[in-house]
Structures are given as C-alpha cells and as structure tokens.
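# Kindly generate the corresponding structure for this input.
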Amino acid sequence: MSDTLVIIPTYNEKENIEAIIRATFDQEKVFDILVVDDNSPDGTATIVESLKAEFPNQLFIEKREGKNGLGTAYIHGFKWGLAKDYKYLIEMDADFSHDPKDLIRLYNSCAIDGGDVAVGSRYSVGVNVVNWPMNRVLLSYFASKYVRFVTGIPVHDTTAGFVCWSRNVLETIKLDKIKFVGYAFQIEMKYKAWKHKFKINEVSVIFTDRTLGESKMSGGIVSEALFGVIKMRLKGLPK
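Coordinates of the predicted model:
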C-alpha cells in the first residue's frame with residue numbers, strides 16, 4: 001500500500017481512463033488510485049473494473065448512483081482515503097489535463113518541502129495553459145486574480161484541480177460543511193486551509209486541455225465560482 005492516494009473523479013471518460021491509470025502507475029513513486037465514478041453511461045466503470053485484476057492492491061473504484069458534482073466526488077474520495085489511513089491524497093483529472101509526471105512534484109512539495117497543501121499551479125510562473133481558446137484562458141486567469149483580490153488568499157491558481165492534501169488538512173476541514181460543488185469547491189477548500197493557517201505551496205505545472213472526451217465545464221459552474229467567492233468573503237464560512 002502506498003502512502004499516497006490519487007483520486008480521479010469520472011463521468012464518461014472511457015477514452016481516457018485506462019491510459020491515465022497506466023500512466024499514473026508508471027511513475028517512479030508508487031501511488032494508489034481511487035476512481036470515483038458517477039454512474040457513467042459510457043462504461044467507464046467497467047473499464048476500471050477490468051483493470052483491477054492487473055492492479056489488485058493499487059486500483060480501487062467507488063461507484064455512485066448519479067452525477068452529483070465534482071466537489072462531492074472528491075469529498076467521497078477524501079473520506080474513503082482517510083478511512084484507509086493514507087497520508088497524502090491528490091486530486092487529479094482523468095483527461096490528461098494534469099500530467100501524471102507531475103504527481104511526484106506535488107508529493108515532494110508536501111512530503112519533503114513541508115507543505116500541508118501543494119497546488120499544481122498554472123499561474124504561479126506566467127500562464128502555463130495549452131490548447132485552450134484565449135477567452136477561456138482569460139476567464140480562468142482573471143478568475144484567480146479576482147479570488148485573490150476578494151479573499152486575500154495568497155494563491156495564484158485558486159481554481160486549480162490538481163492538488164495534494166496532507167491528511168491533517170482534510171481531517172481539520174469539516175468536509176460535510178463544504179458548500180460548493182464546481183470550481184467554487186476548489187476555491188473553498190483552499191480558502192479554508194489558508195484560514196486554518198496551513199502552509200500552501202504552489203508547484204508550477206503545464207495544463208493541457210483534453211484531446212479526447214467532452215469537457216464538463218458549464219456556465220453554472222463558472223457562476224457558482226464568481227458569486228460563491230463574494231459569499232465566502234461577506235458572510236464568512238465555518239471552518
């Protein structure tokens with residue numbers, strides 16, 4: 001058993017799931033993987049199940065009844081991983097927008113460099129995004145600037161979804177009180193970690209947009225992030 005669990009939420013990722021699993025297991029450090037699948041109608045879960053015999057002590061899957069949002073999928077994975085005594089838990093997308101080769105860098109940022117949280121950051125050193133249209137790059141970049149301005153959090157990429165969490169952070173944050181499910185989930189988690197005075201490191205990574213499958217981005221997710229930040233700042237959030 002590894003000390004680190006990589007949590008991959010999926011919904012209709014049959015084109016990517018086997019490749020991302022194999023790429024993760026191909027790294028120099030041993031990682032375990034938990035796929036949290038939201039009842040994908042394309043058979044994503046079946047592909048994962050077929051690989052479990054090949055990776056019996058490293059690959060796990062949790063199948064949920066419906067499509068309930070990215071945030072709740074990660075919270076499900078966090079709770080599962082904490083119950084299994086993992087020391088570090090890493091969020092990663094299934095579509096190769098996050099490079100599995102960067103997993104070790106996020107891990108080292110916590111395990112060696114003393115971070116409580118390590119954020120795979122697109123914006124800590126310039127703008128490192130590949131294959132996004134300019135309007136989406138600008139939306140994402142200025143959204144993070146906006147979050148920093150409104151909340152004061154000293155993180156360049158607050159909406160990043162490639163994150164390593166030490167178990168102490170996840171045990172301290174009350175996961176059942178997380179309010180948001182989309183991009184705002186990513187902001188809320190980092191905001192609460194910062195409010196608890198945990199050390200947040202940023203690791204510069206290159207984000208590459210998916211080439212297979214369909215994006216799950218929607219206008220509702222963006223709106224939740226924009227207006228959710230104002231709510232966090234004005235009303236405050238319980239720790």
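# now the helices for this structure?
Using DSSP state H, the helices of the chain run over residues 17-25, 44-51, 70-83, 103-111, 134-151, 167-172, 183-195, 219-235.
# can you list the weak-confidence ranges in this structure?
126, 131-132, 210-228, 230-239 (pLDDT under 70).
# so who does S124 touch?
Going by CB atoms under 8 Å, 6 or more residues apart in numbering, S124 touches 156-157, 202-204. To be clear about C-beta, it is placed using only N, CA and C from the backbone, and glycine gets the same treatment.
# try it again with 6 Å
For S124, the contacting residues are 156, 202, 204, by CB atoms under 6 Å, 6 or more residues apart in numbering.
# Check the spacing between it and V117 real quick.
13 Å (CB to CB, to the nearest Å).
# re earlier: which stretch among the helices of the chain comes nearest R64?
helix 70-83 (6.8 Å; CB to CB).
# Give me the buried positions along that closest one.
In terms of neighbour count (16 or more other CB atoms under 10 Å), helix 70-83 has its buried residues at 70-78, 80-82.
# And that helix, what does it pack against?
Where contact means 3 or more CB pairs under 6 Å, 6 or more residues apart in numbering; DSSP states H and E, helix 70-83 is packed against strand 4-10, strand 32-37, strand 88-91.
# How about residues contacting it?
The contact list for helix 70-83 (CB under 6 Å, 6+ apart) reads 5, 7, 9, 34, 36, 89, 91, 167, 170, 175, 180-181, 185.
# Kindly reformat those residues as a markdown table containing neighbour count and distance to I104.
As requested, the contacts of helix 70-83 are exported to a markdown table (neighbours: other CB atoms under 10 Å; distance: CB to CB, whole Å):
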| residue | neighbour count | distance to I104 |
| --- | --- | --- |
| L5 | 26 | 14 |
| I7 | 26 | 16 |
| P9 | 26 | 21 |
| L34 | 21 | 18 |
| V36 | 24 | 22 |
| L89 | 25 | 15 |
| E91 | 26 | 15 |
| R167 | 18 | 18 |
| L170 | 21 | 20 |
| L175 | 18 | 26 |
| F180 | 22 | 29 |
| V181 | 20 | 29 |
| F185 | 26 | 25 |
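# Kindly reformat the residues you listed as JSON lines containing distance to F142.
Converted to JSON lines, these look like this (distance: CB to CB, whole Å):
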{"residue": "L5", "distance to F142": "33"}
{"residue": "I7", "distance to F142": "28"}
{"residue": "P9", "distance to F142": "26"}
{"residue": "L34", "distance to F142": "33"}
{"residue": "V36", "distance to F142": "30"}
{"residue": "L89", "distance to F142": "29"}
{"residue": "E91", "distance to F142": "23"}
{"residue": "R167", "distance to F142": "33"}
{"residue": "L170", "distance to F142": "29"}
{"residue": "L175", "distance to F142": "29"}
{"residue": "F180", "distance to F142": "19"}
{"residue": "V181", "distance to F142": "22"}
{"residue": "F185", "distance to F142": "19"}
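# quick revisit: for the buried residues of helix 70-83, which one is nearest F162?
For these, the nearest to F162 is Y74 (11.9 Å; CB to CB).
# what about the nearest residue to K87 once chain neighbours are set aside, neighbour count?
Ranked by CB to CB, 6 or more residues apart in numbering and with sequence neighbours excluded, the top spatial neighbour of K87 is D3, at 4.3 Å. Close neighbours of D3, defined as other CB atoms under 10 Å, add up to 15.
# Brilliant, that's me finished.
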